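*Asks:* everything below, folded, please.
(2 chains)
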Amino acid sequence: MPNSIAIDSPARTVRARAPAARYYRRFGPVERVMHAFLMLTFIGCALTGVPLLFADHAWATGIVKLMGGFQGAALIHRICAGVMTVVFVGHVIRVFVRAFMTEDWLSYFWGPNSLVPNLKDGQDIVGMFKWFLGKGPRPQFDRYTYWEKFDYWAVFWGMFIIGGSGFMLWFPMFFSEFLPGWVFNIAMIVHGEEALLAVGFIFTIHFFNGHLRPEKFPMDLVIFTGRLSEHELKDERPVEYARLVERGGLAAIQAPPPPAETVLFGRILGGIGLALGLITIFAILYSALF
Amino acid sequence: MRGLIMHTPRTNRLLPGLVALAALTLSLSLDAKPAPAAVAAADPNETCLMCHADPAAKSEGGKSIAVDAKVFAGSVHGQMQLKCTDCHSDVSAEKLPHAPKLKPANCATCHEEPVKEYLSTAHAKARAGGNMVAATCTDCHGKHDIQKSTEPASRTNLANREATCGACHGNDAVVKKANLPGGNIVAQYHDSIHGKKTNGKTADAAKAPTCTGCHGSHRILGKSDAKSRVNRENIAGMCGSCHQQVFSRFTASMHGQMRQAGNSAAPTCVDCHSAHRIQQHNTPQWQVDVINECGNCHGGLLTTYRDTYHGQVTKLGFTRVATCNSCHGAHEVLPASNPRSAISPENRVNTCRSCHPGANANFAAYKPHGNPRDRQGEPLLYYTRLFMVWLLIGVFSFFGLHTLLWLLRSLKEVREHRAGRGGH
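*Replies:* Alright, predicted model coming up:
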């Protein structure tokens, strides 16, 4: 069966069959660092922002007190927001610079390595639901699956919505020079609702898709180590694998297994992120239900 | 000069000593008329104390009937050298022993006015209704130990009134038993700004009201009584007797005007400050709590305030951000239509600037109570929120289903995978 379950974690692979394991590079250092910063700043914003939305609960007051009161929380929130904005803007600049430097910039945006959605993604969604219901084979994915693309663009949308409204609320004196007062009412609504969407999505759906589902449980370390095993590449991204084999690109991205300290670092960082995120979700669900 | 002032109960019980003492006292009294020692022994109080001085003396019903002559001597009545029979008028020195059951001492014999006042009070009415827990003269003033209220040790001294009223209104057992209105109001009062002042060591301690400062002493009337100082209609004036400036601001405010127009539901002092729990206005707890007091009447505005950053931060328990009175004023609150109001179009920018120095007209046009649930009034906010809500519902529904189905499918795969391996 081509879609057998990739339950081998990289660490276990290193120990169990080190000589035979082959690894391929999926994310470069820039992407890994970017994700780490995005993750940390996102959690920072969530922990300092969510308590405001559940201000009538004791846990919310407790968290904010831990951060040195609402001013401390606001400071952390703004530092995280600032760093996140820098990471985001840096990423966008990098994308366009790389596109510019690529000879065929059209394929940079529309090719198989692009995160831009295409027709196949729509077919894959239908295919996945068929597979869920046992009515078809698991779709053959390329480098990026549709849920990964959704995560990516959700950040884009979120950055504009939360970031835009957040900066308005951060610098009202500046924005009120040229924007009417009701814009701040809109900003307040949008910032809070979109925050719930982002926090709720990342800490449940993204966590499941990327880390918590049985095939990956408890987490997929590829974003921290940058490498995935040959086995994972073949099983989960067969279209990409086939193309690499066909065009002879495999050798170029082959890499040694991730060093133990990188794996450990990924486990700690990812573990902290998962734990904080899940605690936040439980607090939100608890507050919403009781 | 009236007979002898007794020194100790023990000497009184010893006739020889008494005679000697009487002689000594008489010899020391320069203006004393010459009188035989036998007259002193015949003093009515002396006669009473022959039985009542015994600390173990009990009535037939087992109640203590002991009188501490020294204590009585120190009381205002003792100092005035009243006879026992002045108060216990149904006892006659000629007919002893007296009847086992005596009438209560009649204070009205001398204190006619205060007793008349007392009879119209809540306490007297409760007693008349059979509630014998309710205070009568002796419960506040004492019995044989009555002191002038100017005496520091007096139960009715300003410094002791909290304890005197507290014997009932600050005693949980009594409060429960007699179902006293307001619960343990003395405990509430004790922690209030007034209680802290009167119990404090500052020079103005005596200026702060103790219980009687607001309720009166002999004229304590239930708050439902129109003549009561704590009746809803009279409270503002009563508080205003000390807080004159606040009173004049309140009178000019929307709330004050509504009250003057006969709207009894309009707030008066106690509606925001409470009666007995009154806190100093600049304590963080009060600043956070008073928001809810405003919300008791202005519920919708409280809800929309809670949607704002100001409202969220104060809900978390922190101050420094705007609360109701930061924008509306406290005692001087006026509707936006009044040019003198802090939130009138003329004054609004300046009001914002009191915290946000750079505020301009656009900034001040932010709606601090914009209600995104009000489609008619705030369509823009309403549809923005509606869009966001449906975006959330849409995303979570789709991916919730996606995740659930995926989880079930994956678990099935894992099980089949294991079963397959086990079969090898």
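
*Asks:* tally of neighbours for B:N131?
*Replies:* 12 (other C-beta atoms under 10 Å in any protein chain shown). Every residue, glycine included, has its C-beta placed from N, CA and C.

*Asks:* so what's it closest to, chain neighbours aside?
*Replies:* Closest residue to B:N131 apart from its sequence neighbours, by C-beta to C-beta, 6 or more residues apart in numbering or on different chains: B:A178 at 6.4 Å.

*Asks:* could you measure that neighbour against chain A, distance?
*Replies:* 36 Å (C-beta to the nearest C-beta, to the nearest Å).

*Asks:* which residues touch that residue?
*Replies:* If you count contacts by C-beta atoms under 8 Å, 6 or more residues apart in numbering or on different chains, B:A178 has them with B:N131, B:V133, B:A134, B:C168.

*Asks:* repeat for A:D142
*Replies:* So A:D142 contacts A:P112, A:K120, A:R237, A:V239, A:E240, A:R243 (C-beta under 8 Å, 6+ apart).

*Asks:* need those in CSV (columns: distance to chain B, neighbour count and pLDDT).
*Replies:* Converted to CSV, the contacts of A:D142 look like this (distance: C-beta to the nearest C-beta, whole Å; neighbours: other C-beta atoms under 10 Å in any protein chain shown; pLDDT from 0 to 100):
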residue, distance to chain B, neighbour count, pLDDT
A:P112, 23, 13, 88
A:K120, 17, 16, 95
A:R237, 17, 21, 95
A:V239, 20, 14, 95
A:E240, 21, 21, 95
A:R243, 25, 16, 94
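
*Asks:* possible to save the residues you listed as JSON lines with secondary structure and distance to A:T85?
*Replies:* Putting the contacts of A:D142 into JSON lines (DSSP: H, G, I helix; E, B strand; the rest coil; distance: C-beta to C-beta, whole Å) gives the following:
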{"residue": "A:P112", "secondary structure": "coil", "distance to A:T85": "30"}
{"residue": "A:K120", "secondary structure": "helix", "distance to A:T85": "32"}
{"residue": "A:R237", "secondary structure": "coil", "distance to A:T85": "31"}
{"residue": "A:V239", "secondary structure": "helix", "distance to A:T85": "34"}
{"residue": "A:E240", "secondary structure": "helix", "distance to A:T85": "31"}
{"residue": "A:R243", "secondary structure": "helix", "distance to A:T85": "35"}
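
*Asks:* just the helices in the stretch 101-250 of chain A please.
*Replies:* Under the criterion DSSP state H, counting those that start in this stretch, helices of the stretch 101-250 of chain A are mapped to A:105-110, A:119-132, A:146-158, A:164-170, A:172-175, A:182-200, A:207, A:222-225, A:230-236, A:238-247, A:250-253.

*Asks:* roughly how far is the first one from the heart of the chain?
*Replies:* Here the centre of helix A:105-110 is set off from its chain's centre by 22 Å, with C-alpha atoms, centre = their mean, to the nearest Å.

*Asks:* for that helix, packing partners?
*Replies:* Under the contact definition 3 or more C-beta pairs under 8 Å, 6 or more residues apart in numbering or on different chains; DSSP states H and E, helix A:105-110 sits against helix A:69-101.

*Asks:* and the angle for the helix it packs on with helix A:146-158?
*Replies:* Here helix A:69-101 runs at an angle of 120 degrees relative to helix A:146-158 (axes from the mean of the first three to the mean of the last three C-alpha atoms, to 10 degrees).

*Asks:* got the buried residues for helix A:69-101?
*Replies:* Buried residues in helix A:69-101, counted by 16 or more other C-beta atoms under 10 Å in any protein chain shown: A:69-70, A:73-74, A:76-78, A:80-81, A:83-84, A:87-88, A:91.

*Asks:* and for stretch A:32-41?
*Replies:* Neighbour-count burial for stretch A:32-41, counted by 16+ other C-beta under 10 Å, picks out A:R32, A:M34, A:H35, A:A36, A:F37, A:L38, A:M39, A:L40, A:T41.

*Asks:* what lies in contact with that stretch?
*Replies:* A:27, A:80-81, A:83-84, A:87-88, A:90-91, A:155, A:223-226, A:269, A:273.

*Asks:* what's near enough to touch B:E162?
*Replies:* B:G170, B:V186, B:Y189, B:H190, B:G195, B:T198, B:N199, B:T210, B:C211.

*Asks:* hmm, 6 Å instead?
*Replies:* B:T210 (C-beta atoms under 6 Å, 6 or more residues apart in numbering or on different chains).

*Asks:* and B:V133, its phi and psi?
*Replies:* Reported as degrees, to the nearest 10, the phi and psi values for B:V133 are phi -70, psi -30.

*Asks:* return the distance of it relative to chain A.
*Replies:* 40 Å.

*Asks:* for B:H123, same thing?
*Replies:* Distance from B:H123 to chain A, by C-beta to the nearest C-beta: 42 Å.

*Asks:* my guess is that residue contacts B:A135. True?
*Replies:* Yes: between B:H123 and B:A135 there is a contact at 4.7 Å, judged by C-beta atoms under 6 Å.
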